[in-house]
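Engineer: can you look at this prediction? I've put the sequence above it.
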Amino acid sequence: MARKSIKEKTPTEPITTVVAMRLYIAGRAPNSVKAIANLQAICRQHLKDCYRLEIVDVCEHPRRALDDGILVTPSLAKLSPRPGANVIGNLSDTSSVLAALGLQAIPQT
Amino acid sequence: MTPAPSAAAEQLTPDTSEAAFRAWLRRLVTGAAELEAFDAGQIDAVMDRDSGSAVLLPEAQTALHDSNRIVLSALDALPGEVCVLDSRGGVVMANKAWRTAGTAHARAGLDVRAGEDFFAACRDVPDGERGYAAQVATGLHQILTRMSQTVRCVYVCHASRKRERFTLTMTGIVSDGPVNALVTREWNGEERSATPAPTTAPRRSRPVTVAPARAKNHLLAALPAKEYARLSTGLEPVTLTYGDVLYEPGETMHDVYFPSDCLVSLLTLVEGRRALEVGLVGREGMIGARLALGATTSSVRALVQGTGTAMRMKSARFLTEFRRLPALQHVLFQFTDTLMIQISQTAACNRFHLVEARLARWLLMTAERMASNEFHLTHEFLADMLGVRREGVTVAAIALQQRNLISYRRGNITILDSAGLETASCSCYRYVIGMGSQVRESAPPGYTSGR
């Protein structure tokens, strides 16, 4: 099931809204730990205090992940502002995370 | 924590190669982005819909196992006796010092081991220790339901023909997920005095000290310390969930409830199906006050409308305490009077006032009792509460929204302007508030003094 729906947005747009995200992880597994660290670094640098992050451990709450249509972890879901977007993996690719969060256009290659 | 393997995973034989396991996992992954990340080695777990659980990849399993082992080794290295419990009271681990001391004391006195249930251990104690174990179980319940952060209990057990005393300290480990608990045990030596063990009988004194959580419920908080301490031995913290029905009309009330942070609607049923809210009870009151007036059955449906916690007490115990404690009688009479004012005013309001003003009143009352300006409810639910059709609620909600008093989106209501909403509400809201405070002010000194 492809839920990736990243839309382009101009990078000059000021951030005025709070970005709500949910990160699905698997306990202290390596990629999950990396994903948390990578996301926190991105948030610190680009969102300051304008974000709300909920971390869901799928080992503790598998039902929540299944109900939300999550197939693998780590997986980041942007909830608001719309449009929503998903990023899969340990979030080491900063540009695709920024693009998903609507903070920067996807680099044209 | 490693999840239980799925049914499909269990079918794999122990000598199945990692490649076969990976191939099975790969079949669960269908999306292109997921597949790409899977192949890049950026995935820790795959969700298995059949078993409803997360299946960890081998690398993640190894890493988690290693990190658990480090934590367990660290706890084992501690000189103090430590036991870690999960959110249901299951024993996750008991460290080496705990196990060694337990063996030295012939496994007496709640000497649980990994995989066992701490609550079951509290139930399965010799007769002479039942009182102590009950206090420990109550304390642990308070920790796991976030009613207390730390509870300390003294326990006397019979170990190797001696009476040994120890202190259990239970502390909540609060994280984003459910609350777990850390229990430490400190042996205080042989108990020489012939102090009788506490029993669960209400008249006995309690040598065990469980610090009762400060009552969030206003009725309990208004009781003098001595009366509250006496009452608290019969109170049990429970979580009430949205949609729970505590009583149906005509049903015997087996328990009474003192809401801490939940909200309960009192609904009158017409022709056995159509419901209309006649009262709303939160932390300022109790459910089952009719018992105090001599009734044994409920006249209304008590429906939990806001999830939260409450203190529950058996009806028989409540009646015993009610007859004995004048302070409890006083606060209950006060509350019953306020509730009667609310019910009669609601009846008049439903007949004479416009839906918009009634909706504003209802939202203010709910916000006050929930101590929150944001809650989730549907049009259908509101229609039932106000005794009108859904369309009526929609029109009223839109009108309040257009005046920027509330925001209503997909069942999420946020009160944006409380003062404005109060102006928009009917006079009933101010009347009930006014009468309620008059009743409280008329209370004789001493009864309403906090602890």
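Structural biologist: Received, thanks.

Engineer: how much space between the most centrally placed residue in chain A and chain B?
Structural biologist: Compute the mean C-alpha point of chain A, and by CA atoms, centre = their mean the closest residue is A:Leu76, 3.4 Å away. Taking CB to the nearest CB, to the nearest Å as the measure, A:Leu76 falls 11 Å from chain B. Yep, even glycine has a C-beta here, placed from its N, CA and C like the rest.

Engineer: any weak-confidence spans in chain A?
Structural biologist: A:1-17, A:104-109 (pLDDT under 70).

Engineer: would you map the strands across it?
Structural biologist: Assigned by DSSP state E, chain A shows strands spanning A:19-25, A:51-57, A:72-73, A:75-80, A:85-88.

Engineer: cool, the stretch 1-150 of chain B as well?
Structural biologist: Secondary structure of the stretch 1-150 of chain B by DSSP state E, counting those that start in this stretch: the strands cover B:45-48, B:53-56, B:81-85, B:91-94, B:150-159.

Engineer: residue 60: how many residues sit nearby?
Structural biologist: Answering for chain A, as no chain was given. When counting by other CB atoms under 10 Å in any protein chain shown, one arrives at 19 neighbours for A:Glu60.

Engineer: my bad, the chain I had in mind was chain B
Structural biologist: Neighbours of B:Ala60 (other CB under 10 Å): 24.

Engineer: would you check that B:Leu28 makes contact with A:Leu71?
Structural biologist: Yes. Contact criterion CB atoms under 8 Å: B:Leu28 and A:Leu71 qualify, at 7.3 Å.

Engineer: re the thing from before, so which of the strands of chain A comes closest to A:Ser95?
Structural biologist: strand A:85-88 (10.8 Å; CB to CB).

Engineer: name the strands paired with that closest one and say parallel or antiparallel.
Structural biologist: Using DSSP bridges, strand A:85-88 pairs in its sheet with strand A:75-80 (antiparallel).

Engineer: ok, B:Leu28 and A:Leu71, which is more surrounded?
Structural biologist: Taking other CB under 10 Å, B:Leu28 and A:Leu71 do not tie; A:Leu71 has more neighbours (27 against 18).

Engineer: check contacts around whichever residue of the stretch 201-350 of chain B sits closest to chain A.
Structural biologist: Proximity to chain A, evaluated over the stretch 201-350 of chain B using CB to the nearest CB, is greatest for B:Thr241 at 15.7 Å. Neighbouring residues of B:Thr241 by CB atoms under 8 Å, 6 or more residues apart in numbering or on different chains: B:Val304, B:Thr307.

Engineer: for chain A, which segments count as helices?
Structural biologist: A:30-46, A:62-67, A:94-100 (DSSP state H).

Engineer: select, out of these, the one closest to A:Val87.
Structural biologist: When the helices of chain A are ranked by proximity to A:Val87 (CB to CB), helix A:94-100 comes first, at 4.7 Å.

Engineer: element containing the closest residue to B:Leu140 other than its chain neighbours, please.
Structural biologist: Leaving out its chain neighbours, the residue that sits closest to B:Leu140 by CB to CB, 6 or more residues apart in numbering or on different chains is B:Met170, at 5.6 Å. Per DSSP states H and E, B:Met170 falls inside strand B:162-173.

Engineer: what about B:Gly31, distance to chain A?
Structural biologist: 5 Å.

Engineer: ok, that residue - how many residues close by?
Structural biologist: Neighbours of B:Gly31 (other CB under 10 Å): 18.

Engineer: ok, it touching A:Ile70?
Structural biologist: No. Using CB under 8 Å, B:Gly31 makes no contact with A:Ile70, being 10.4 Å away.

Engineer: tell me which residue is most central in chain B.
Structural biologist: Geometric middle of chain B (CA atoms, centre = their mean) lands on B:Thr239, at 3.1 Å.

Engineer: near chain B, which residues of chain A? Just list them.
Structural biologist: A:1-4, A:25-32, A:54-55, A:57-63, A:65-66, A:70-74, A:86, A:88-90, A:92 (CB under 8 Å from any CB of the partner chain).

Engineer: can we see that at 7 Å?
Structural biologist: Within chain A, the positions near chain B by CB under 7 Å from any CB of the partner chain are A:1-2, A:4, A:26-32, A:55, A:57-60, A:62-63, A:65-66, A:70-74, A:88-90.

Engineer: ok, of those, which come out buried?
Structural biologist: A:26-32, A:55, A:57-60, A:62, A:65-66, A:70-74, A:88-90 (16 or more other CB atoms under 10 Å in any protein chain shown).

Engineer: pop out the phi and psi values for the residue of the stretch 201-350 of chain B closest to chain A.
Structural biologist: Main-chain dihedrals, B:Thr241, degrees, to the nearest 10: phi -110, psi 150.

Engineer: tell me how far it lies from B:Leu377.
Structural biologist: Applying CB to CB, to the nearest Å, the value for B:Thr241 to B:Leu377 is 15 Å.

Engineer: do the same with B:His141
Structural biologist: Distance, B:His141 to B:Leu377, using CB to CB: 30 Å.

Engineer: got it, and B:Gly90?
Structural biologist: B:Gly90 is 35 Å from B:Leu377, by CB to CB.
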